[in-house]
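Trainee: Sequence first, predicted coordinates after that:
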Protein chains: 2
Amino acid sequence: MPQTKDISRLSPREIRDLIRRGEWDKPTPGLAFGYAQANVVILPARYAFDFFLFCHRNPKPCPLLEVLESGQYEIGSFARAADIRTDVPRYNIFRYGILDNTRKDIRELWQEDFVTFFLGCSFTFEEALIKAGIPVRHIEEGKNVPMYVTNTQCRGGGIFIGPLVVTMRPIPFEKVTRAVQITSRYPFVHGAPVHIGSPENIGIHDLSEPDFGEAVEIKEGEIPVFWACGVTPHAALFHAKPEICITHVPGHMFISDILNEELATS
Amino acid sequence: MPQTKDISRLSPREIRDLIRRGEWDKPTPGLAFGYAQANVVILPARYAFDFFLFCHRNPKPCPLLEVLESGQYEIGSFARAADIRTDVPRYNIFRYGILDNTRKDIRELWQEDFVTFFLGCSFTFEEALIKAGIPVRHIEEGKNVPMYVTNTQCRGGGIFIGPLVVTMRPIPFEKVTRAVQITSRYPFVHGAPVHIGSPENIGIHDLSEPDFGEAVEIKEGEIPVFWACGVTPHAALFHAKPEICITHVPGHMFISDILNEELATS
């Protein structure tokens, strides 16, 4: 298998080809710098309208970048010559809301009525924060971002309902305004923070015990800032219990041909 | 029937009550100043995912403000205590893509599987243009906005496909930049212009012959500016030919409880 160092200069399409051949099944942060990576949710068509509705009603945690037609697995301009059945490094297979197994290829599981949703991912705005000299702690510490289930309910959409899940990044007080401004430019990748400063207000009682991911240090002079998180739809899927649902394995994202800058509003 | 003058101060809910009682079936521009008015499309559930897809892929002409669950006719926070079967001044009933008749109430036609889509309307950004001292010619001339079918195809979504339809407003050269800036703030009501200056480039050969609406004067020192238009989904519906589709009659919009300013990005 090639090393990260070797593949960091490859184009999105070259990386997808590697993934398709089974030569890359590791996390994708740092790959295809400048290009948007996406969360993936695949569902049978009879759940597709409800899930579309849930995402549309909760655009901060569930920003839809692209949706494919029922049964479609070849992807157009969003990722040329890509195949959603093979081009994600690792897939989670959920049955009735419970993780059943993990695979590198879902061609055997593919159904004629599967609908694929691509959701924006915070990697895009983290790149923008770093460029602006704003620290991103979990990257500095080499960890997965800390995620917390809040006491805020999302708006329901059909059978999909669940709590808002957030990520937390500690930001120096003097850079909070700039962090809000920068992330506001990216509404399709979770956008502006949903909360700044008081974890208790959104039902988080211990930052050292995230529900997912890993805790990070909050230094003197920093304040916790919370953004809507792409794990939110997973919480709703857990509640809806469709007989099958396929997602990427967290961190093992789909790499698109869309530039992060194309996702900026201005 | 009350006069426009009397009802111009009523709240959105009070106006919807008048409409429901059949006491207002005229166009809605100028009513409930400050509140967003919406285009309405109602379709059987089996077309709903495809139409959702079409709108998502063409957000400039088809900016979705709200979508209701299958069969739902009572509307939530988007318009409190409203009923989509009665609260639009006039409805167009299309059968297989062709206008069949026009009604003031669709309770008799309502189906358990009807899905309602609300799309943003340019009235919102026209209010902002006028506030900024930028003339809106068709309002000055007391006409319906001129609309043109372009040579640009929308991205297809399932069975829905069709050309982009645009509106045209002549803008003084010195105010074009400001008009772009102002309308860019409203991505949910067609947003920034899609074209400035050369009608031929988008397949429009005679501005004096609009496909819908009425021609307006372009004065010395003005340039034609084109915005995506909410008639675009109607062109796609005409192509898809669902056995039934219900929309508002142009100009006879649904009045929401959402403030225009809530639809601004910043």
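Mentor: Arrived safely, thanks for sending. Numbering: from 1, shown residues only, chains lettered A, B, ... in the order given.
Trainee: And whichever strand or helix holds A:Ser256, what's buried?
Mentor: Element membership of A:Ser256, judged by DSSP states H and E, is strand A:254-259. Going by neighbour count (16 or more other CB atoms under 10 Å in any protein chain shown), the buried part of strand A:254-259 is A:Phe254, A:Ile255, A:Ser256, A:Asp257, A:Ile258. No exception for glycine: its C-beta is placed from N, CA and C like everyone else's.
Trainee: Could you see whether chain B lies near that strand?
Mentor: No - using CB under 8 Å from any CB of the partner chain, strand A:254-259 stays clear of chain B, coming no nearer than 13.8 Å.
Trainee: Spell out which strands sit alongside that strand in the sheet and which way each one runs.
Mentor: Partners of strand A:254-259 in the sheet, by DSSP bridges, are strand A:35-44 (antiparallel).
Trainee: A:Leu109: what's it in contact with?
Mentor: A:Ile93, A:Arg103, A:Ile244, A:Ile246 (CB atoms under 8 Å, 6 or more residues apart in numbering or on different chains).
Trainee: Ok, A:Ile255 next?
Mentor: Taking CB under 8 Å, 6+ apart, we find A:Ile255 in contact with A:Pro12, A:Ile15, A:Arg16, A:Thr28, A:Leu31, A:Ala32, A:Tyr35, A:Gln37, A:Ala38, A:Ala79.
Trainee: So which of the residues you listed sit within strands?
Mentor: In this view, the contacts of A:Ile255 that belong to strands under DSSP state E are A:Tyr35, A:Gln37, A:Ala38.
Trainee: What residues does the stretch 101-250 of chain A have near chain B?
Mentor: By CB under 8 Å from any CB, the residues of the stretch 101-250 of chain A that approach chain B are A:Val115, A:Gly157, A:Gly158, A:Ser184, A:Pro187.
Trainee: what's the closest of those residues to chain B?
Mentor: Among these, A:Gly158 lies closest to chain B (CB to the nearest CB), at 5.8 Å.
Trainee: The closest one - how many residues pack around it?
Mentor: A count of neighbours around A:Gly158, defined by other CB atoms under 10 Å in any protein chain shown, yields 16.
Trainee: which residues touch the nearest residue to A:Pro63 once chain neighbours are set aside?
Mentor: In space, and not counting its chain neighbours, A:Pro63 is closest to A:Gly120: 4.0 Å by CB to CB, 6 or more residues apart in numbering or on different chains. Going by CB under 8 Å, 6+ apart, A:Gly120 touches A:Ala36, A:Ala38, A:Asn39, A:Pro63, A:Leu64, A:Leu65, A:Tyr186, A:Phe188, A:Val189, A:His190, A:Gly230, A:Leu263.
Trainee: Next: A:His234.
Mentor: A:Val165, A:Thr247.
Trainee: Check which element follows the one helix or strand it maps to along the chain.
Mentor: Of the helices and strands defined by DSSP H and E, A:His234 is found in helix A:232-240. Note on helix A:232-240: by DSSP H and E, the next helix or strand toward the C-terminus is strand A:245-248.
Trainee: So what touches that following strand?
Mentor: Counting by CB under 8 Å, 6+ apart, A:39-43, A:47, A:88-94, A:97, A:106, A:109, A:114, A:234, A:237, A:254 sit against strand A:245-248.
Trainee: Just the buried ones among the residues you listed, please.
Mentor: A:39-43, A:47, A:88-94, A:97, A:106, A:114, A:234, A:237, A:254.
Trainee: Tell me the gap between the top helix by length along chain A and the middle of its chain.
Mentor: Counting residues, the longest helix in chain A under DSSP state H turns out to be helix A:45-57. On the basis of CA atoms, centre = their mean, to the nearest Å, helix A:45-57 sits 17 Å off its chain's mean C-alpha point.
Trainee: returning to that earlier point: narrow the residues of the stretch 101-250 of chain A next to chain B to those that are buried.
Mentor: Among those, those classed as buried by 16+ other CB under 10 Å are A:Val115, A:Gly157, A:Gly158, A:Ser184, A:Pro187.
Trainee: from what I can see the third one touches A:Phe54, true?
Mentor: Yes - A:Gly158 sits in contact with A:Phe54 when judged by CB atoms under 8 Å, with a separation of 6.9 Å.
Trainee: what about A:Cys229, how many residues close to it?
Mentor: 30.
Trainee: same question, A:Gly133
Mentor: Neighbours around A:Gly133, by other CB under 10 Å: 8.
Trainee: circling back to that earlier point, mind putting the ones in strands among the contacts of A:Ile255 into TSV with neighbour count, distance to B:Pro135 and pLDDT?
Mentor: Shown next, in TSV, are these (neighbours: other CB atoms under 10 Å in any protein chain shown; distance: CB to CB, whole Å; pLDDT from 0 to 100):
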residue	neighbour count	distance to B:Pro135	pLDDT
A:Tyr35	21	43	93
A:Gln37	25	45	93
A:Ala38	27	43	95
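Trainee: Quick one: end-to-end length of stretch A:145-157, please.
Mentor: End-to-end distance for stretch A:145-157, by CA to CA, to the nearest Å: 27 Å.
Trainee: ditto for stretch A:78-95
Mentor: Start-to-end, stretch A:78-95 (CA to CA) is 28 Å.
Trainee: From chain B, how far out is the most far-flung residue of chain A relative to its centre?
Mentor: Distance from the C-alpha centroid of chain A, by CA atoms, centre = their mean, peaks at A:Glu220 (29.2 Å). Distance, A:Glu220 to chain B, using CB to the nearest CB, to the nearest Å: 32 Å.
Trainee: what does A:Asn260 give?
Mentor: The gap separating A:Asn260 from chain B is 18 Å, by CB to the nearest CB.
Trainee: Was I right to think that residue contacts A:Ala128?
Mentor: Yes - counting by CB under 8 Å, A:Ala128 is a contact partner of A:Asn260 at 7.1 Å.
Trainee: Find residues that contact each of those two.
Mentor: A:Tyr186.
Trainee: can you give me the strands for the stretch 151-266 of chain A?
Mentor: Secondary structure of the stretch 151-266 of chain A (DSSP state E, counting those that start in this stretch): strands at A:163-172, A:195-196, A:222-228, A:245-248, A:254-259.
Trainee: Mind listing the strands the shortest one pairs with, and their directions?
Mentor: When you say that, I think you mean strand A:195-196. Sheet pairing for strand A:195-196, assigned by DSSP bridges, gives strand A:222-228 (antiparallel).
Trainee: do the same with the longest one
Mentor: Each strand that strand A:163-172 pairs with, and the sense of that pairing, follows from DSSP bridges: strand A:147-153 (antiparallel), strand A:222-228 (antiparallel).
Trainee: Can you lay out these as a markdown table showing mean pLDDT?
Mentor: Converted to a markdown table, the strands paired with strand A:163-172 look like this (pLDDT from 0 to 100):
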| stretch | mean pLDDT |
| --- | --- |
| strand A:147-153 | 95 |
| strand A:222-228 | 97 |
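Trainee: Could you export those as CSV, including distance to B:Ile84?
Mentor: Below are the strands paired with strand A:163-172 laid out as CSV (distance: least, CB to CB, whole Å):
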stretch, distance to B:Ile84
strand A:147-153, 24
strand A:222-228, 29
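Trainee: In CSV: those strands, plus mean neighbour count and distance to B:Val176.
Mentor: Below are the strands paired with strand A:163-172 laid out as CSV (neighbours: other CB atoms under 10 Å in any protein chain shown; distance: least, CB to CB, whole Å):
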stretch, mean neighbour count, distance to B:Val176
strand A:147-153, 18, 42
strand A:222-228, 21, 36
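Trainee: and A:Ile171, which of those strands is closest to it?
Mentor: Smallest distance to A:Ile171 across the strands paired with strand A:163-172 (CB to CB): 4.8 Å, for strand A:222-228.
Trainee: Now the closest one - C-alpha only, CSV.
Mentor: Taking C-alpha atoms only, strand A:222-228 is exported to CSV below (Å, rounded to 0.1, in the frame of the first residue of the first chain):
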residue,chain,number,x,y,z
GLU,A,222,-9.4,29.7,24.8
ILE,A,223,-13.2,29.2,24.6
PRO,A,224,-15.0,26.1,23.4
VAL,A,225,-16.8,26.7,20.1
PHE,A,226,-19.4,24.3,18.7
TRP,A,227,-20.3,23.5,15.1
ALA,A,228,-23.1,21.2,13.8
